[in-house]
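Trainee: Fold the following and give me the result.
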Amino acid sequence: MTNFTESEQWDTVIEGNDDLLEKYMSGKSLEALELEQEESIRFQNCSLFPLYHGSAKSNIGIDNLIEVITNKFYSSTHRGPSELCGNVFKIEYTKKDNVLHIYAFIVEYYIYEIRLEYQKKKKIKVTEMYTSINGELCKIG
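Mentor: The predicted structure follows:
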């Protein structure tokens with residue numbers, strides 16, 4: 001969504017804002033800054049979800065993902081505006097699709113470092129998943 005030459009990439013952002021849509025439909029030009037601001041607002045209020053494909057193992061698409069995380073998201077915690085925290089789960093399967101390993105990581109992002117802590121011998125059973133929609137936690141599934 002950062003390539004301003006392809007308007008199709010911005011259609012979803014424009015459609016979600018009546019003022020931008022009216023401006024677009026009347027043929028007026030849209031500034032890159034106003035599109036980026038609307039995109040950031042929609043990310044924060046969970047009405048627009050960025051989707052990135054890649055492989056950390058092969059280092060494909062990671063630069064774009066880190067760029068979006070650092071430029072578009074902020075932490076709602078009281079720890080400071082430059083901090084992002086999360087849990088990362090990786091599941092490895094055998095060739096017959098049997099679960100081989102489940103890894104759990106705690107990721108803490110600061111401006112200058114990314115630290116991964118591997119949690120050994122900790123059994124994890126995921127029974128419920130939640131996401132934030134309009135500031136409220138909602139159960140998935």
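
Trainee: now the helices for this protein?
Mentor: Remark: helices assigned in the chain by DSSP state H are 11-15, 18-25, 32-44, 62-72.

Trainee: these two touch, right, Leu35 and Trp10?
Mentor: Yes: between Leu35 and Trp10 a contact is recorded at 5.4 Å, counting by C-beta atoms under 8 Å. All C-beta spots, glycine's among them, are computed from the backbone N, C-alpha and C.

Trainee: Flag the helix or strand of the protein with the lowest per-element mean pLDDT.
Mentor: strand 113-118 (a mean of 42; mean pLDDT, DSSP states H and E).

Trainee: Tally up the residues packed near the residue nearest to Thr12 when sequence neighbours are not counted, please.
Mentor: Leaving out its chain neighbours, the residue that sits closest to Thr12 by C-beta to C-beta, 6 or more residues apart in numbering is Leu48, at 6.5 Å. By other C-beta atoms under 10 Å, the residues close to Leu48 number 17.

Trainee: for Leu48, what are its contacts?
Mentor: Counting by C-beta atoms under 8 Å, 6 or more residues apart in numbering, Leu48 touches Thr12, Val13, Gly16, Glu39, Arg42.

Trainee: Quick check: it vs Glu39, distance?
Mentor: Using C-beta to C-beta, to the nearest Å, Leu48 is found at 7 Å from Glu39.

Trainee: Overlap in contacts, those two.
Mentor: Shared contacts of Leu48 and Glu39, counting by C-beta under 8 Å, 6+ apart, come down to Val13.

Trainee: where in this structure is pLDDT low?
Mentor: 1-7, 73-94, 97-132, 135, 141 (pLDDT under 70).

Trainee: Give me the domain ranges for it.
Mentor: 1-73, 75-140 (automatic domain parsing).
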